[in-house]
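*Asks:* dropping a prediction and its sequence here:
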Amino acid sequence: QKEVEQDPGPLSVPEGAIVSLNCTYSNSAFQYFMWYRQYSRKGPELLMYTYSSGNKEDGRFTAQVDKSSKYISLFIRDSQPSDSATYLCAMNRGSQGNLIFGKGTKLSVKP
Amino acid sequence: DVKVTQSSRYLVKRTGEKVFLECVQDMDHENMFWYRQDPGLGLRLIYFSYDVKMKEKGDIPEGYSVSREKKERFSLILESASTNQTSMYLCASSTPGGPINYGYTFGSGTRLTVV
């Protein structure tokens, strides 16, 4: 079983839709969970991070972590064409900041 | 406002050449990382460094080496380039420990083609 699994998509939604992006993981030692957004021909940028289980909200974005199920989600409300990008989940593998990434889900929001 | 700079955006090299990819950060970060990104495989860690002159192997170090002589600079070296090293290479930096410090700052990437 891979350490981190993420459906690569692609995912296409109409503008204004609610988007749900998900990752599963196998290592119960992971404590920090992050979502990165990567626009075409750019490096990834940190979107949100969560420590342990629970929810975190930032504007139209909500990150959820369920450690009991080893499952994390990113919800995007009122999606916009500018949200079109690849979204990568990431988790820490060590105390010094060594991250493991999911393969990324490519999202397209159509006007 | 550029914080992590990768020296080349696109690079074409011949099989067998020694290739240097340079990365410089201006945020005084201790940690620096090299990843490669391939379709269907995602981001894979090649090497990382927690301090000057220190280096650690990542998940796929074979065929690569690194150099960190100064805190702000982390170089990836392809000893003898091969076609299977054609990829997008991404450099990142971060400060150690704590939740916010897992927020890597990435460069824009170097797309390397080995012919």
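*Replies:* The structure has been received and is ready for your questions.

*Asks:* show me where chain A has strands.
*Replies:* For chain A, the strands defined by DSSP state E cover A:4-6, A:11-14, A:19-25, A:32-38, A:45-51, A:54-58, A:61-66, A:71-76, A:85-92, A:99-101, A:105-110.

*Asks:* now check the fourth one, is it near chain B?
*Replies:* Which is strand A:32-38. Yes: for strand A:32-38, a contact with chain B is found by CB under 8 Å from any CB of the partner chain, at A:Y32, A:M34, A:Y36. In short, each C-beta sits where N, CA and C put it, glycine included.

*Asks:* neighbouring strands of that strand in the sheet, and parallel or not?
*Replies:* Strand A:32-38 pairs in its sheet with strand A:45-51 (antiparallel), strand A:85-92 (antiparallel), by DSSP bridges.

*Asks:* winner for burial among those?
*Replies:* strand A:85-92 (a mean of 24; mean count of other CB atoms under 10 Å in any protein chain shown).

*Asks:* any idea of the angle that strand forms with strand A:71-76?
*Replies:* With axes from the mean of the first three to the mean of the last three CA atoms, to 10 degrees defining the directions, strand A:85-92 sits at 150 degrees from strand A:71-76.

*Asks:* count the neighbours of the nearest residue to B:Y47 once chain neighbours are set aside for me.
*Replies:* Closest residue to B:Y47 apart from its sequence neighbours, by CB to CB, 6 or more residues apart in numbering or on different chains: B:V66 at 4.4 Å. By other CB atoms under 10 Å in any protein chain shown, 22 other residues sit near B:V66.

*Asks:* pLDDT wise, what is B:V66 at?
*Replies:* Turning to B:V66, the model gives it a pLDDT of 97.

*Asks:* in the helix or strand that it is a member of, what's buried?
*Replies:* Following DSSP states H and E, one finds B:V66 within strand B:64-70. Within strand B:64-70, the residues that qualify as buried are B:Y64, B:V66, B:S67, B:R68, counting by 16 or more other CB atoms under 10 Å in any protein chain shown.

*Asks:* tell me the first helix or strand C-terminal of that strand.
*Replies:* Next along the chain after strand B:64-70, taking DSSP H and E as the criterion, comes strand B:73-78.

*Asks:* for that next one, what is the distance to the chain centroid?
*Replies:* Strand B:73-78 sits 6 Å away from the centroid of its parent chain (CA atoms, centre = their mean, to the nearest Å).

*Asks:* note down every partner strand of it and its orientation.
*Replies:* strand B:19-25 (antiparallel), strand B:64-70 (antiparallel).

*Asks:* can you redo these as a markdown table with distance to A:P14?
*Replies:* As requested, the strands paired with strand B:73-78 are arranged in a markdown table below (distance: least, CB to CB, whole Å):
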| stretch | distance to A:P14 |
| --- | --- |
| strand B:19-25 | 39 |
| strand B:64-70 | 43 |
